[in-house]
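**Student:** Sequence first, predicted model second:
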Amino acid sequence: MSSVTSATAPAPEPTSNINGKQLDLSWKMFSNIPGLILYHFKEGNIHWPSVIYFVLVHTTAVMGLFRIKDCSYETILFAQLLWPISGYGITVGAHRLWAHRTYEAHFVFRLWLLITSSICYQGSIYQWAVNHRIHHIYSETDADPHNSTRGFFYSHFGWLILKKHPARVEAQKKIDATDLWEDPLVRYQHMCDPIYPFYTVWFLPAQICHYGWGEDYWNGVLVPGALRYCCVMHFTFLVNSAAHLWGDRPYDPKQVAGENPLVNMFTGGEGWHNWHHKYPFDYACSEFGISSQWNPSKLFIDIMAAMGLVWGRKRATSSWAMSMERRRGENSDASDDAENDKDDATAGVKKGSVPLPKKVL
Ligand SMILES: [Zn+2]
Ligand SMILES: [Zn+2]
């Protein structure tokens, strides 16, 4: 929903610390949730239209669980396929194309991405991309829409049902989104928000099932519609929560975002999040190609490029190689200093200890 918001309340008390940033995932986090909800309720921070929407989303998803046994094999297969199809609308479209402009795409492909991202509705593409640009610029601050320093639950889901933090509101005024508004597909979709998702999320999949192979209409609404939508949505949210909590940070140790292979499995290649926060302009969102790092979203973009529907793909591997060389030089100088001064304990990593990047597919 375009009005999806975050909270004005102070962050919950953290229970652990990563890279100087406060994060938590503990029993305390779970036991804090009722108290926090009550606090936000009293403070008037809850965004009720969003609450009603997500109650609808989760209620229909649970109803879908009980309908699985009544579905035909075709419908189960269709629900499975709709996971990556709609998920790539977000990863390949809203994220890598519109939020970061990592490549350019033909109108036909942009239209496909717009439709498929609408089947996995997470706000209009315009609002999604604006939120995400703010996230990258103001990561782990009050202006970050899903500020992970406020805890796992807040960064995963809580931010969607609370009003915006004032710093987040101010940040949006500084974000340049003219390129998004100039795209007629993005503009018209935003103008129809939030009416269209009620069709694209629940009823479009049902119509395909019903008219395609005679599935019961409500089975289509509840299984490939509601249940698939709820699952894909939460998988995507893991990038904001789990990938900002767990993972190695080989490219930029100062970033909270980490390389998280498990999140990556569920999100089609969005889990290499330390690389992505270091080089957000890289269309692959990972250092390596699919033979080394699971990344079907990159593969999808490459296939579209081979078909002539995508061009201008940007990569950050040369930037990373230069960074490696620079670090080598610094480490080399440090080693020379260490040779000259045996007492210098801050000489750093030894020369040649930083590996060169592998060949990139
Ligand atoms: Zn992030
Ligand atoms: Zn991003």
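**Tutor:** Noted; the coordinates are in hand. Ligands and ions are numbered 1, 2, ... in the order given.

**Student:** Can you give me the buried ones in stretch 218-235?
**Tutor:** 219-235 (16 or more other C-beta atoms under 10 Å). The C-beta positions use only the backbone N, C-alpha and C, and glycine is treated the same way.

**Student:** For it, measure first residue to last.
**Tutor:** 24 Å (C-alpha to C-alpha, to the nearest Å).

**Student:** got it, and stretch 215-234?
**Tutor:** With C-alpha to C-alpha, one end of stretch 215-234 sits 26 Å from the other.

**Student:** try stretch 94-111
**Tutor:** First-to-last residue span, stretch 94-111, C-alpha to C-alpha: 12 Å.

**Student:** Name the residues of that stretch that are buried.
**Tutor:** Applying 16+ other C-beta under 10 Å to stretch 94-111 flags 94-103, 105, 109-110 as buried.

**Student:** Closest one of the residues you listed to residue 69?
**Tutor:** Ranked by distance to residue 69 (C-beta to C-beta), these are led by residue 94 at 33.5 Å.

**Student:** just checking, that closest one touches residue 125?
**Tutor:** Yes: contact criterion C-beta atoms under 8 Å: residue 94 and residue 125 qualify, at 5.1 Å.

**Student:** Can you show me the helices along the stretch 201-350 of the chain?
**Tutor:** Using DSSP state H, counting those that start in this stretch, the helices found in the stretch 201-350 of the chain span residues 204-213, 217-220, 228-240, 261-267, 273-278, 296-306, 317-340.

**Student:** among those helices, which is nearest residue 131?
**Tutor:** When the helices of the stretch 201-350 of the chain are compared by C-beta to C-beta, helix 228-240 sits nearest residue 131, at 10.0 Å.

**Student:** For the closest one, what is the distance to the chain centroid?
**Tutor:** Distance of helix 228-240 from the chain centroid (C-alpha atoms, centre = their mean, to the nearest Å) equals 9 Å.

**Student:** List of residues touching that helix?
**Tutor:** Around helix 228-240, the neighbours that count as contacts under C-beta atoms under 8 Å, 6 or more residues apart in numbering are 57-58, 60-61, 64, 79, 82-83, 86-87, 90-91, 119-122, 135, 146, 148, 155-157, 201-202, 205, 263, 266-267, 270-271, 273.
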